[in-house]
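Enquirer: fold the stuff below for me.
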Amino acid sequence: MINVDGSVFIQIVNFIILIWVLNIILYKPIRNVLAQRKEKITGLEQSIETFNYDSKEKEDAFDAGIKEARAKGLKDKEALVEEASQEEKSIVEKINEKAQADLVRIRSKIAKDTESVRVSLQQEVDFFADAIVKKILGRAV
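Expert: From the prediction side, this is the model:
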């Protein structure tokens, strides 16, 4: 049979002291190291999440910048094409105006030359008509 005497109480007190000493010497430092490790891992996980979020934002900003640059380039290209089209119209208009002016000048010159040729031919016609009348009639008219 088991006798419960004073040694049981001594063993209970001994066990409690042992638990208390182990807690101070062994368990608290291990728990502190584990807590520090957990804080460090949590901090690293938060840093990773922050870096991932930042990289996603930067990637989105980069993509938006590329889209904006392409849109601006296309707009600039369209503006240059429009400007070139206006320039082309202006040049064609100037050429047409010059051609019209040259045409008017040439027509005027041709009309003037025609008139001078007509006058000179008129004088020659009168001369030839007098000569023909003289030959036909045999006398001056």
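Enquirer: where does this protein have low pLDDT?
Expert: Filtered on pLDDT under 70, the chain yields the residue ranges 1-2, 140-141.
Enquirer: give the contact list for Ala35.
Expert: Applying Cβ atoms under 8 Å, 6 or more residues apart in numbering to Ala35 gives no contacts. To be clear about C-beta, it is placed using only N, CA and C from the backbone, and glycine gets the same treatment.
Enquirer: ok, now how distant is it from Glu83?
Expert: Separation of Ala35 from Glu83 (Cβ to Cβ, to the nearest Å): 70 Å.
Enquirer: and Gln46, by the same measure?
Expert: Distance, Gln46 to Glu83, using Cβ to Cβ: 54 Å.
Enquirer: for Ser55, same thing?
Expert: Per Cβ to Cβ, Ser55 is found 41 Å from Glu83.
Enquirer: residues near Gln133, how many?
Expert: Residue 133: Val, not Gln. Number of residues near Val133 (other Cβ atoms under 10 Å) recorded here: 13.
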